[in-house]
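Asks: could you work out the structure for the sequence below:
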Amino acid sequence: MAQVTQCNWEEGVRLDSDRIIALYAKLGPAGAEQLISATMEDLAVQLSIVERLVRTGSGDALQAAIEGLLPLARQVGLPMLARVARDLIDCVQQENGPATAAVLARLMRIGDRGLTAVWDLADMGV
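Replies: I've put the predicted structure just below:
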C-alpha cells in the first residue's frame, strides 16, 4: 500500500512596499487606507471565488476570476500573487488537474500571507 505524505510548505511573501508607499504619497493617509482596504476586501472575495470555481470546474468563469486577481494584486504590491495567478491560468488552460490543484494551494497560501503582510504594513502607516 502506498503511503501519502502531506507537505506543509512555508513560503515567504514578497511585498512591494514601494507600491504602498507610493499610494500613501499620492493619495495621503486617508485615501491610501481607503483604497488599500477596499482592494484587500476585493482580493479576499476574488480569492474565494477562484477557489470555488476551481473546485466546480467552471472554465471561462474561472479564467475571468483569476484574471480579476491580477490588477488587485499589483495595486497593493503583491507581484508574487499576480505571478502565481498567471501560473494558475496556464494550468487551467492545459486542463492539468493535479497542477491546477497544486498551484491553487500555492495561490491561497500566498494570498493569505499577502493579505496579512499588506495589512501589517498599512497598519504601520507607511
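Asks: going forward, measure contacts and count neighbours with C-alpha atoms only.
Replies: Noted.
Asks: so where's this protein shaky on pLDDT?
Replies: 1, 4-13, 121-126 (pLDDT under 70).
Asks: just give me the longest helix of it.
Replies: As assigned by DSSP state H, the longest helix anywhere in the chain is helix 17-56.
Asks: show me what that one is packed up against.
Replies: Secondary structure elements in contact with helix 17-56, counted by 3 or more CA pairs under 8 Å, 6 or more residues apart in numbering; DSSP states H and E, are helix 59-75, helix 97-123.
Asks: give the buried residues for that helix.
Replies: Buried residues in helix 17-56, counted by 16 or more other CA atoms under 10 Å: 17, 20-21, 23-24, 29, 32-33, 35-37, 39-40, 42-44, 46-47, 49-51, 53-54.
Asks: and stretch 92-103, by the same measure?
Replies: 92, 99-101, 103.
Asks: and what of stretch 74-88?
Replies: Buried-residue list, stretch 74-88, by 16+ other CA under 10 Å: 74-82, 84-88.
Asks: can you add distance to residue 110 and secondary structure and give those residues back as TSV?
Replies: Putting the buried residues of stretch 74-88 into TSV (distance: CA to CA, whole Å; DSSP: H, G, I helix; E, B strand; the rest coil) gives the following:
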residue	distance to residue 110	secondary structure
74	14	helix
75	16	helix
76	14	coil
77	13	coil
78	9	coil
79	10	helix
80	8	helix
81	6	helix
82	10	helix
84	8	helix
85	10	helix
86	13	helix
87	13	helix
88	13	helix
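Asks: just the residues you listed now: which is nearest residue 2?
Replies: Nearest to residue 2 among those is residue 88, at 28.4 Å by CA to CA.
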